[in-house]
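Chemist: build the 3D model from these lines:
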Amino acid sequence: MTRILRGACLALACASMSGAGAAGNDELWEITSQMNMPGMPAGMGARTAQVCTEKGDQKKAMTQGNDKCKVTDLKQSGNSVHMAMSCPEGDAVMDTTYNAARTEYKGTMKMTSRQGEMTMTMNGRKVGSCDAKQAQKERDAEMAATSAQIERSQAQSAAMLAKMQDDQIKECAEAVETMQVKKLGLYERCNSGKEHAEACASQLKSEHSKRSATACMANAAEYCKRYQTMEGFTKAKGSEDGAATCKLSSATLKASFCPRAAQTENLAFLGRFCPVEAKPIAVAHCAGRGYTSKVKDKYTEFCGLVVAKSDLEDEDKPAQKKDAKAQITESVTQGVTQGVNKLKGLFGR
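Modeler: Sure, this is the predicted structure:
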């Protein structure tokens, strides 16, 4: 629609372009214009400006500066002029009525393009003479400067959008490496209902987010793949949010992993997620262990996990937590390590 607007400005001396130019034999018009578009507030974009138009041939004046637009119809009857113009971006139809002295006019222009329809109303009056060629040079310079500014703004916007996508792609990749599902951002919730699914699909179609959406959705799929492995599940700390994202049951996964963890003596997994399978190992290797000792072995971390696990469970059971504290106090008094009595209290021995 930009080229149509440019054509309309030159053809009818509309207010969207200005520049009177130097004194000459051409016509200087003061024009008030107002645009109306469906869905936009009425009277949007009302402006007043002075424009210099070439005196002489009506068709030449109307098509000045629009080498890619063609006048498809031009009729003049008395003081009324009708013109239709076809441009690559769309079409425009203009109707103008002058006063008897041709010093004032009223006009309307209807434009149709891929972006929709727009109607412009215009009122003009001749206010003097000017040099159309000089005015054209000034308009071209203004348009060149405006175009350059638009290009710079577009380049800055494109760079900013590219960086935003790069940052999001990096964050989604970290979600897989660290098994932190929250780093997937929006794409954590793609399977959480119709609304989220539509939002993800929209991001995948948009040119502004397609690249990051494609990468992040692939990362989400990889996260779910890894979540179903013992290593990935451990790294994700059995995240319930992760299970929800992947539409999985963490309890079902633990039930399948724990027997295998016991067979392979995967102590890290057993200490975190498998209290039943961990119990005999803890009784055999953790009782009597001093946790302040600098001597470490493969059971040190496991025993710490078992004790920490029982601490977390006790937080929801005040009475049991009080008993555990009493046991620890008693063990200190008797010269026995905290770990021994904690394990005794945990396993009922």
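
Chemist: so where's the stretch 51-200 of the chain shaky on pLDDT?
Modeler: Along the stretch 51-200 of the chain, the model assigns pLDDT under 70 to residues 56-67.

Chemist: and the helices in it?
Modeler: All helices of the stretch 51-200 of the chain, identified by DSSP state H, counting those that start in this stretch, fall at 58-63, 132-178, 194-205.

Chemist: out of the ones you listed, which is closest to L267?
Modeler: Closest approach to L267 among these (CB to CB): helix 132-178, 21.7 Å. Yep, even glycine has a C-beta here, placed from its N, CA and C like the rest.

Chemist: circling back: most tightly surrounded among the helices of the stretch 51-200 of the chain?
Modeler: helix 58-63 (a mean of 16; mean count of other CB atoms under 10 Å).

Chemist: coming back round to it: reformat the helices of the stretch 51-200 of the chain as JSON lines; add distance to I31.
Modeler: Output for the helices of the stretch 51-200 of the chain, formatted as JSON lines (distance: least, CB to CB, whole Å):
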{"stretch": "helix 58-63", "distance to I31": "14"}
{"stretch": "helix 132-178", "distance to I31": "14"}
{"stretch": "helix 194-205", "distance to I31": "42"}
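
Chemist: and A49, what are its phi and psi?
Modeler: When read as degrees, to the nearest 10, the backbone of A49 gives phi -160, psi 170.

Chemist: out of the helices of the stretch 51-200 of the chain, which gets nearest to A261?
Modeler: Nearest of the helices of the stretch 51-200 of the chain (CB to CB): helix 132-178, 21.6 Å.

Chemist: who does that closest one touch, helix- and strand-wise?
Modeler: strand 44-53, helix 210-227 (3 or more CB pairs under 8 Å, 6 or more residues apart in numbering; DSSP states H and E).

Chemist: redo the ones you listed as a markdown table? Include distance to F269 and mean neighbour count.
Modeler: Shown next, in a markdown table, are those (distance: least, CB to CB, whole Å; neighbours: other CB atoms under 10 Å):
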| stretch | distance to F269 | mean neighbour count |
| --- | --- | --- |
| strand 44-53 | 65 | 18 |
| helix 210-227 | 14 | 19 |
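
Chemist: could these go into a markdown table alongside distance to N266?
Modeler: A markdown table is the format used below for the helices and strands packed on helix 132-178 (distance: least, CB to CB, whole Å):
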| stretch | distance to N266 |
| --- | --- |
| strand 44-53 | 68 |
| helix 210-227 | 16 |
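
Chemist: rank the ones you listed by mean pLDDT and give me the bottom one.
Modeler: In terms of mean pLDDT, the lowest-scoring of the helices and strands packed on helix 132-178 is strand 44-53 (a mean of 80).

Chemist: and that strand with helix 132-178, angle?
Modeler: Interaxial angle, strand 44-53 versus helix 132-178 (axes from the mean of the first three to the mean of the last three CA atoms, to 10 degrees): 140 degrees.

Chemist: remind me what strand 44-53 packs against, helices and strands.
Modeler: Short answer (3+ CB pairs under 8 Å, 6+ apart): strand 44-53 packs on strand 26-36, helix 132-178.

Chemist: kindly recompute the last result at 6 Å.
Modeler: Packed against strand 44-53, as judged by 3 or more CB pairs under 6 Å, 6 or more residues apart in numbering; DSSP states H and E, are the following elements: strand 26-36.
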